[in-house]
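Engineer: okay, predicted coordinates and the sequence, questions at the end:
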Amino acid sequence: MAKLDSNAKTYTQTITADEMPFEAIEKQILSYEQEKSILLTLSDDITRVREKSDLITLFASRMKGFFYFKHTIVMLIDQAKGTYAPFLLDPVNSPIINHPGYPDLVKTTFSINAPVINEVIAADSPITFLLKEILHIPGLPSFININYECGIREMMITPLKSKMETIGFILVYSDRTDSFTNEFKAILKGIAPQLSSAVSNIITNDEINKNELTSEVLLSVSNEMVSVKNRSDLLNTINTGLKKLIDFTHNEMTVLDEGGDTYHVLLASPEINETSDYSEAISIPYSANDGIYSSVTNTDDTYLFDLRSLDLADAPLWLKLNYAAGAREMLIKVLPYNDVPKHKLILFAEKQNVFNDRALGIINSIASQLGTAVNNIAANEEILNKEKDTSFLLELSSSIAAVRTKTDLELVIYHALKKLSNIQVYVIRKMTDDGLGLSAYMFDQDMVLVDDPIYQELLHNNTDPKKGLTGRVMAGNQPVIIDVEKEYANGNRDIYIQLWRNNGIKKAYGVPLKVGNKALGLLWIVTDEINIVLVKSIGAQVSTAMSNIIANEKILALRKQLEIENSHLNEQINTIYNFSDIVGQGPEMQKVYGLMKRVAESNSTVLILGETGTGKELIARAIHHSSPRKSKIMIKVNCAALPANLIESELFGHEKGAFTGATDRRIGKFELANNSTIFLDEIGELPLELQVKLLRVIQEREFERVGGTTTIKVDVRIVAATNRNLENEVDEGKFRSDLFYRLNVFPIHLPSLRERQEDIIPLANYFLSRYGKLTGIRVNSFASKIITELQTYQWPGNVRELEHLVERSVLLSSDSVIREIDLPKPPTTKADEEIVMNRTLDDLERDYIVEVLKRCSGKIAGTGGAAQLLNIPSTTLHSKMKKLNITRGDYFGDDET
Ligand SMILES: Nc1ncnc2c1ncn2[C@@H]1O[C@H](COP(=O)(O)OP(=O)(O)OP(=O)(O)O)[C@@H](O)[C@H]1O
């Protein structure tokens, strides 16, 4: 019999034993037997089930051998929430899996108070329903309709109980209306306790597995977190680890910026990474006062947001982006930090109820570890940033040290500041020489500001170092941070504020460039965020570079001036010493000129011989200035003028520490004369031990500095001179013969003035006009008496003596004609004459020097001294006096001694 229970609005079937015939009873006994055997095997199998999927498969395969039905599903009740949800599905047999509502259906939770289900929950036995009969009931769970749409016509629901409480139910569906026979129902009723305990086992097993997995995952996540070095890696660790436990789609982290007014977002989501807005979302600062961020503050709480219920019109971009990518639920956990929490972890889910109690428990259990990890990362970043700053400054300072010119500095600054990617603009202004203005010195050519008319104005005009923002920066020694908007709000209309504001610049740093108290300029750096210590150090480096450049520019200017002076000097030397300055047209001098011409062009060593004052040095210079080496200065060494122990160092130089007093390395005359001529005057005075060394230079053109080991090669032309008879010196063993032969390659003998009388008057006239010009005294000629005197005098001091005599006479003359001349007295008697004629050149030179010394009252050096009158260095005079054995008694007379 079938009846419709109108109250419950369900269709049920019941049969009683009184209504059955005997065959039916026999059949029933048989079916009881069958039922018993089915129950026995099934319950035995079912109690062993541990895996979710096995239960439905087992149930379906065993039952389908005896009864007809389509598919089965087990729903599980959550008593606390008053809901139930699909627990075990049978996708293999289910006809509804292709229904468009299916994906949502399996995720949906249904209320236990809905019709049909509330009846089942209260029942003890299976209840069957003809779907057609119940479809019209309002509030019916949606899966019933969907099943109907997919051909299901009848369903049997059996409550599953554990400890007197309904924990769920098993639904069996059929596309026919006669499938659920009494036997089927009896079997299900019989098997229900085993099914219940199997479901309980599965739940417990699930729970154990979940807990094991949770501990395992949390352990590995926390292990990984220890070694994580940056936030992105941390997010990836959370992403891969926690996804094994919680069904979220991706995570993010917000990081509070320095100052606490803004925060940035870090995303860990491959899908969102691909969207074009992603890069913007992670690069922009967000206000820490936006509704979402500011509402999440407590580290003890976990904040859950249903994104569908939020008005996202004013939401930050990162949130909009996540919503657009499918996120529907969001969980935020504030990670603990020392004082103000800086990091918030955000998880997103597309499904509902992902962030259930268990998920929250998991998040909470790792929150403090996450907090430690982000703290470590922040500390690590700080160290890295400091290291980065230090290595940046080291690099900058080593590049700055090499800066010599403005162009060098431009290159260094450009490359260095560009490395700090956050710097948008830099400008260096330089203090003008009068200290009254700052002019544009250097600026970033790439920057956008260059086209701004205000910028152009700043480029072409000086700024006042005492006024406005410039004045504020220049007044101190520290960088000044300018908040453009704040300044503007306070009424500041400085030209820089206008420029920056017009160009959307928010922050600028003004650094005074000073060395000590001296202001050199000002560096402007435009950037949103930069370490102030770094800015200060950059300023110090730039100041050093600028002061180096200024010093270098001064040195360059001085060097240029010196070069000009030098070339003038060279010109002067060139004009003073040339053949035309040599007076003498007589045949003796013509011979000399002939020899000079022949030898000048070559590199040959020249030995100039002649009495003192005959013009040996003059000839040496003339040879040099007629040679290809004339562009370089001839180097002169007076071998008689130096103490013997210093000549070597004078000629060859010495290394630092070569001997006591050698505090620095010294370059010798031979090295100086490289590519030029060295004039070795008074070569006959060179000590023997040095003669060997000189010989080596002449032969090899190489030598070593005193105390040095490096051999120095030079290209030097040697011109030597002496008033000694070197052949005699060689014979007497005072001069090395090998050196003599090396020097005597091309001897030029200068005649004494006595030997070229025809040159006396031209020379006297030459000196007269020279000293007249030099002193401004107008003396034109010599009286004829004087001319005769000059021509008859013997001139032991040769041209030098004549020169001095004319000089003295010009000075003493009160007339334009020289009428008096102070010649040493000629011998008056025959005997005297004989005495003179019998005397050697040395005797004559001795007398002459003694006479000059007497006239100078014994004064040797300085103005009016004998050396000046003789036109020889005082050292030479000393050595001559020593050689000729002239003592004080000789020129001071008896009264003085
Ligand atoms: N032919 C000349 N024409 C013009 N001036 C001359 C001539 N010869 C020598 N003098 C001048 O006489 C002076 C002495 O000449 P110089 O120093 O060249 O002689 P010296 O032979 O090298 O002397 P000493 O052997 O003493 O070193 C110099 O002022 C030089 O200019």
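Structural biologist: Ah, there it is.
Engineer: how does this protein divide into domains?
Structural biologist: 2-202, 228-382, 402-554, 583-749, 759-896 (automatic domain parsing).
Engineer: average model confidence for the fourth one?
Structural biologist: Domain 583-749 shows a mean pLDDT of 89 in the predicted model.
Engineer: can you give me the end-to-end distance of it?
Structural biologist: 16 Å (Cα to Cα, to the nearest Å).
Engineer: repeat for the second one
Structural biologist: Here the two ends of domain 228-382 are set 15 Å apart, with distance taken as Cα to Cα.
Engineer: among the domains of the chain, which comes closest to residue 210?
Structural biologist: If you check each of the domains of the chain against residue 210 by Cβ to Cβ, domain 228-382 wins as the nearest, at 7.4 Å. Where you see a C-beta, it was placed from the backbone N, CA and C, and this is true even at glycine.
Engineer: so which of the domains of the chain is nearest the ligand?
Structural biologist: domain 583-749 (2.5 Å; Cβ to the nearest ligand atom).
Engineer: list the buried residues in stretch 737-757.
Structural biologist: 739, 740, 742, 743, 744, 746, 748, 750, 751, 752, 753, 756 (16 or more other Cβ atoms under 10 Å).
Engineer: gap between the two ends of it?
Structural biologist: When the termini of stretch 737-757 are compared using Cα to Cα, they are 34 Å apart.
Engineer: that stretch and the ligand in contact?
Structural biologist: No: applying Cβ under 6 Å from any ligand atom, one finds stretch 737-757 separated from the ligand by no less than 6.6 Å.
Engineer: centre of the chain to that stretch, how far?
Structural biologist: Between the centre of stretch 737-757 and the centre of its chain there are 68 Å (Cα atoms, centre = their mean, to the nearest Å).
Engineer: quick revisit: show me the buried residues of stretch 737-757 that map onto strands.
Structural biologist: If you go by DSSP state E, those have 746, 748 in strands.
Engineer: related to what we said a few turns ago, can I get the domains of the chain in a markdown table including distance to residue 394?
Structural biologist: Formatted as a markdown table, the domains of the chain follow (distance: least, Cβ to Cβ, whole Å):
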| stretch | distance to residue 394 |
| --- | --- |
| domain 2-202 | 59 |
| domain 228-382 | 19 |
| domain 402-554 | 10 |
| domain 583-749 | 32 |
| domain 759-896 | 55 |
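Engineer: for residue 214, find the nearest of those.
Structural biologist: Closest to residue 214 of the domains of the chain, according to Cβ to Cβ: domain 228-382, at 5.6 Å.
Engineer: roughly how far is the closest one from the heart of the chain?
Structural biologist: Its chain's average C-alpha position is 35 Å from that of domain 228-382, according to Cα atoms, centre = their mean.
Engineer: then stretch 377-390?
Structural biologist: Between the centre of stretch 377-390 and the centre of its host chain there is 16 Å, according to Cα atoms, centre = their mean.
Engineer: and if you look at stretch 767-785?
Structural biologist: 73 Å.
Engineer: then that stretch to PDB, C-alphas only?
Structural biologist: Coordinates of each C-alpha in stretch 767-785 appear next as PDB, following Å, rounded to 0.1, in the frame of the first residue of the first chain:
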ATOM      1  CA  PHE A 767     130.700  96.700 -24.100                       C
ATOM      2  CA  LEU A 768     130.400 100.500 -24.000                       C
ATOM      3  CA  SER A 769     127.100 100.500 -25.900                       C
ATOM      4  CA  ARG A 770     125.800  97.500 -23.900                       C
ATOM      5  CA  TYR A 771     126.500  99.200 -20.500                       C
ATOM      6  CA  GLY A 772     125.300 102.500 -21.700                       C
ATOM      7  CA  LYS A 773     122.000 100.900 -22.600                       C
ATOM      8  CA  LEU A 774     121.900  98.900 -19.400                       C
ATOM      9  CA  THR A 775     122.600 101.800 -17.100                       C
ATOM     10  CA  GLY A 776     121.100 104.600 -19.100                       C
ATOM     11  CA  ILE A 777     124.400 106.500 -18.900                       C
ATOM     12  CA  ARG A 778     125.200 108.100 -22.300                       C
ATOM     13  CA  VAL A 779     128.800 107.400 -23.100                       C
ATOM     14  CA  ASN A 780     129.500 107.100 -26.800                       C
ATOM     15  CA  SER A 781     133.200 106.700 -27.300                       C
ATOM     16  CA  PHE A 782     136.800 106.500 -26.000                       C
ATOM     17  CA  ALA A 783     139.300 109.300 -26.200                       C
ATOM     18  CA  SER A 784     142.100 108.400 -28.700                       C
ATOM     19  CA  LYS A 785     144.600 108.200 -25.800                       C
END
